[in-house]
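Asker: I need the structure of the sequence given here:
(2 chains)
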Amino acid sequence: MGAAKLLRFLAARSVKAVIVVLAIVVFQFVLIRLAPGDPASVIAGQSGAADPLFMQQLREQFGLDRPMHEQLLIYLRDMATLDLGFSHRQQQPVARLILERLPATLLLTGTAFLLAITGGVALGVMAARRVGRPADSAITVLALTFYATPIFWVGLILVLIFSVWLEWLPSFGMFTVGAELSGWAHALDVGKHLILPSLTLGLFFLAIYARLARASMLEVADQDFVRTARAKGVPEGRIVRAHVLRNALLPVITFAGIQAGQLVGGSILVETVFAWPGIGRLAFDALLARDYATLLGVFFCTAVMVVVFNLITDLLYAVVDPRVEVA
Amino acid sequence: MMTEARKAATSALGRRTLLAASAAAPALMTLGEARAQGVAPRRGGVLNTIITPEPPVLILGVNNQGPTLIVASKIYQGLLTVTPSLDPAPDLAKSWTRSDDGLTYTFALQEGVKWHDGRDFTSEDVIFSIMKFHMEVNPRARAILQRIDKAEAPDAHTVRFTLKAPFEPFLLIFDVTACAMVPKHIYDGTDFRNNPANATPIGTGPFKFAEWQRGNFIRMVRNEQYWKPNQPYLDGITWRIVPDSQSRALALQTGQVQMTTSNDIEPFDVPRFQQQPNLTVALNGWEYFSPLSWIEINNRLDNLKDPRFRRAMAHAVDRNFIAQRLWFGVGKPATGPIASTTRFHDPSVQMPAFNPREANAILDGMGLRPNAQGVRASIKLMQIPYGEVWNRLSEYLRQAMRQVGIEVTLESTDVAGWVRRLAAWEFETTINFVYQWGDPTLGVERTYVTSNIQKVAFTNTAGYSNPEVDRLFEAARNAAQAEERRRLFSEAQKKIVEDMPLVWLMELAFPTIHDKRLNNVIRTGTGVHASFDDVFLSA
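Answerer: You can find the predicted model right below:
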């Protein structure tokens, strides 16, 4: 692939990406205003007291007294300078709120992602190589179970076993508050808190990857070039690695690309069950509170990530399968 | 002068006021008393607890949501607090007097009180907090503070308020949850709501704000300069933010937290914690708030505007069932518009009892005959989005109403949508509950008087109007003597129950569940909203 061609491809895609992100922002901006109620009514509702002056003061403070197109223009103008706005509800810049939550989210989703993709592909390959035998059946049943079980239920059962019965692992939070640990002790502490949520989140995707890899492997294994390789006397291990797996990976990469784009979005369910201070909950709370700026900020970050990972996925195709060209 | 004023106060607020003002509040156990009971306070230890939902900011006045009140009341303090029987008790004011004409209140402030940043707390801070800060940001306090004619600070430790007219429940608004003292040197001349200092609250309370990782925890540490010697006992308090109710129950069960409050634990989980030997389940400590729940009925609509129809609805509801089977005994059945723990509750006033036969008879009498499906009328019930137990209540009400031929359609919302529709009067019926703030003038009147029919939530959104009730509430508001007010409120309660503008359901209680080693958790009429300067963990 020529460098000039790659550059042209990146430039064209970047222009498209900016347009897509802009469209998403405008669309979301309008969409969330369609939800009934506004931040002022939430605050009134949660305080259990209000008067007209109070409501008016709140709406002025939040900038909601201006016409909507004006609010949108102000928002877009701020976005142009990469200013994600200010959450009046939480009295914090949105960028800070998001950055505060980002490490926790990436740690959780990243760990779950790695667990899912490595474990899933390994299991899928194992199952495909022993197709029809007990190991295959066991893996298939296991994958189907994780795939079909609601994620929050898996979480609760894991908590029940490892936190309540065995008392091995903490049931919520990200680290021991007030323990003031540092260095390795802190990492170990976080790791302990990380096991259950990442397992809960990861098992579902692990099941998907396992099923995907197995099906894809089986499909490729039947093709002529594999038979040819085998006829040539290529060792079985090499056939699996270089011929079958490499070709079977494309659907896995497609799916991984989609999942990777969502890493930043976090997982509302898992973050809620395990009180993990991630972005999914930030967005969910912001939605309930009608904290528009925060919600749009999260949407924006997620949209950017999805676009970026789509791009990376397209590039990866070309690396894994030279027949695929970037265009 | 002192004795004279005290006498006046006694006659007005009852004998207990005298005791509260002279002895250092009998409800708050002194150190000596605690020792006598064999539970000498132990210094040390961090209290791990839960707060839910997460407060947006911790500045009282700027934000008055339930969770904010619970957390920030450890940082800030009020001039007074209230006992479980709703008498005033000292906090930042060590004593107070009231003039014979009921117009002038003089507070003597505690000495040696410092803000967390080291500056002295003085009468200037009090005047600023009351006359400027809360007057501007705090809608509930504003209505009462506007009755103040003059606020003066004769010296650094004395504050004097002169009212335009006597206002008997005046002392009830000085609790930290209603009017917290905020530092003048930080807020004066600034935009209170957007002051950058709102990120780091500075109060006079026993605990100082230390750290807040959003979505994770709020941590506070002992205020070493606290004005009560050797207090607080705890080294700090950590408030974990745990959004899922089952995860909260687990955290309590496994001892990862030592206390839960408010809505942390769903009522249907309470019985199992009552069985757990190392935990105490307390249902008191909400006397000042006395939340009362009801079916809010839009009095403007067909059928619903007929008192007979509303009375039939009341007869259809088994409030004992709700209290015992839905709330598992956390709270008790309502008897009328004023909760039994609020001042001037009249126990002789009783709302219609559970009696479906009577309900059917009333509806028959209205000419609402059941159709082939047994349905006489259809109404919509907008569900209150406050959690699982409230959904169960809606489902129960649908069943109960169906028994008397009223078909109920449930409508779902989230908080923002619910408040918007409630405020816009766009509902047929819904469920609502409000705090009563100790006195009918402060927390009950707003729901029933014509002048408060507004397109704002928690006003008289039902649209109920009875000139006689208006007159009674107004007279009670302005009457200087407690006995006169009691008579007027009794009258008002009778009239309101005759009209049944709403169907009252429960006097709500919220369980405070805590480790038995945690002492002195609930000492006042505000329970977990107290400063916790006397709370300690025994070994």
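
Asker: which parts of the stretch 401-539 of chain B sit against chain A?
Answerer: Proximity of the stretch 401-539 of chain B to chain A is confined to B:413-421, B:423, B:434-435, B:454-459 under the rule C-beta under 8 Å from any C-beta of the partner chain. (C-beta placed from N, C-alpha, C; glycine too.)

Asker: please repeat the previous calculation with a cut-off of 10 Å.
Answerer: Taking C-beta under 10 Å from any C-beta of the partner chain as the criterion, the stretch 401-539 of chain B approaches chain A at residues B:413-424, B:426, B:432-435, B:437, B:443, B:446, B:452, B:454-459.

Asker: just the buried ones from these, in PyMOL syntax?
Answerer: The PyMOL command for the buried members of those (criterion: 16 or more other C-beta atoms under 10 Å in any protein chain shown) is given here:
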select buried, chain B and resi 413+414+415+416+417+418+419+420+421+422+423+432+433+434+435+437+443+446+452+454+456+457+458+459
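
Asker: next step: the residues of the stretch 401-539 of chain B next to chain A restricted to strands.
Answerer: Among these, the members falling in strands (DSSP state E) are B:432-434.

Asker: out of those, which is nearest to A:Val121?
Answerer: The shortest gap between A:Val121 and any of those belongs to B:Phe433, at 53.5 Å (C-beta to C-beta).

Asker: what residues are up against the closest one?
Answerer: Under the criterion of C-beta atoms under 10 Å, 6 or more residues apart in numbering or on different chains, the contact partners of B:Phe433 comprise A:48, B:291-294, B:296, B:384, B:386, B:390, B:458, B:504-508.

Asker: among these, which ones are buried?
Answerer: Buried positions within the contacts of B:Phe433, assessed by neighbour count (16+ other C-beta under 10 Å), are A:48, B:291-294, B:296, B:384, B:390, B:458, B:504-508.

Asker: wait, what's in contact with the residue of chain A found nearest chain B?
Answerer: Evaluated by C-beta to the nearest C-beta, chain A has A:Gly37 as its residue closest to chain B, separated by 2.9 Å. Taking C-beta under 10 Å, 6+ apart as the contact definition, A:Gly37 lies against A:44-45, A:288-290, B:413-424.

Asker: with A:Leu311 instead?
Answerer: With contact set as C-beta under 10 Å, 6+ apart, A:Leu311 has these partners: A:9-10, A:13-14, A:16-17, A:257, A:326.

Asker: in ChimeraX, how would I select just the buried ones from these?
Answerer: A single ChimeraX command suffices to select whichever of the contacts of A:Leu311 are buried according to 16+ other C-beta under 10 Å:
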select /A:9,13,17,257
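
Asker: does the host helix or strand of A:Ala122 reach chain B?
Answerer: For A:Ala122, the element it lies in under DSSP states H and E is helix A:94-129. Yes: remark: helix A:94-129 sits within contact range of chain B at A:96-97, A:100-101, A:104, by C-beta under 10 Å from any C-beta.

Asker: does anything pack onto the helix ranked longest in chain A? Which helices or strands?
Answerer: As far as residue count goes, and with DSSP state H defining each element, the longest helix of chain A is helix A:183-221. Packed against helix A:183-221, as judged by 3 or more C-beta pairs under 10 Å, 6 or more residues apart in numbering or on different chains; DSSP states H and E, are the following elements: helix A:94-129, helix A:134-148, helix A:151-159, helix A:224-232, helix A:246-261, helix A:268-273.

Asker: ok, 8 Å please
Answerer: When contacts are defined as 3 or more C-beta pairs under 8 Å, 6 or more residues apart in numbering or on different chains; DSSP states H and E, helix A:183-221 sits against helix A:94-129, helix A:134-148, helix A:151-159, helix A:246-261, helix A:268-273.

Asker: could you export the ones you listed as a markdown table, including mean pLDDT and distance to B:His116?
Answerer: Converted to a markdown table, these look like this (pLDDT from 0 to 100; distance: least, C-beta to C-beta, whole Å):
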| stretch | mean pLDDT | distance to B:His116 |
| --- | --- | --- |
| helix A:94-129 | 91 | 23 |
| helix A:134-148 | 91 | 51 |
| helix A:151-159 | 85 | 38 |
| helix A:246-261 | 84 | 45 |
| helix A:268-273 | 88 | 32 |
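
Asker: so which of those helices is the most packed in?
Answerer: For the helices and strands packed on helix A:183-221, ranked by mean neighbour count under the definition mean count of other C-beta atoms under 10 Å in any protein chain shown, the leader is helix A:268-273 at a mean of 23.

Asker: give me the distance from the following helix or strand past that helix to the chain's centre.
Answerer: Per DSSP H and E, the first helix or strand lying C-terminal to helix A:268-273 is helix A:279-289. Relative to the chain's own centre, helix A:279-289 is displaced by 15 Å; criterion: C-alpha atoms, centre = their mean, to the nearest Å.

Asker: B:Asn278 and B:Gln256: what is the separation?
Answerer: Counting by C-beta to C-beta, to the nearest Å, the separation of B:Asn278 from B:Gln256 is 13 Å.

Asker: of these two, give the one with the bigger neighbour count.
Answerer: B:Gln256 (20 against 10; other C-beta atoms under 10 Å in any protein chain shown).

Asker: so who does that one touch?
Answerer: With C-beta atoms under 8 Å, 6 or more residues apart in numbering or on different chains as the criterion, the residues that contact B:Gln256 are A:170-172, B:48, B:250.

Asker: show me the shaky parts of the chain.
Answerer: I went with chain A, as the question did not name one. By pLDDT under 70, the low-scoring segments of chain A are A:1, A:266, A:325-327.

Asker: actually chain B
Answerer: Flagging of chain B using pLDDT under 70 yields the residue ranges B:1-39.

Asker: quick check: the residue of it nearest chain A.
Answerer: Of all residues in chain B, the one sitting closest to chain A is B:Ala416 (2.9 Å; C-beta to the nearest C-beta).

Asker: contacts only, for that residue.
Answerer: With C-beta under 8 Å, 6+ apart as the criterion, the residues that contact B:Ala416 are A:35-39, A:41-42, A:45, A:288-290.

Asker: among the residues you listed, which lie within helices?
Answerer: Secondary-structure check on the contacts of B:Ala416 using DSSP H: residues within helices are A:39, A:41-42, A:45, A:288-289.

Asker: just say helix, strand or coil for B:Lys132.
Answerer: Counting by DSSP: H, G, I helix; E, B strand; the rest coil, the backbone at B:Lys132 sits in helix.

Asker: helix or strand for the residue lying closest to B:Thr104 once chain neighbours are set aside, which one?
Answerer: Leaving out its chain neighbours, the residue that sits closest to B:Thr104 by C-beta to C-beta, 6 or more residues apart in numbering or on different chains is B:Thr162, at 5.1 Å. Per DSSP H and E, B:Thr162 falls inside strand B:158-163.

Asker: give the pairing partners of that strand; include direction for each.
Answerer: Looking at strand B:158-163 with DSSP bridges, its partner strands are strand B:104-109 (antiparallel), strand B:148-155 (antiparallel).

Asker: can you give me the buried ones in the last one?
Answerer: When neighbours are counted by 16+ other C-beta under 10 Å, the buried residues of strand B:148-155 are found to be B:148, B:151, B:153.
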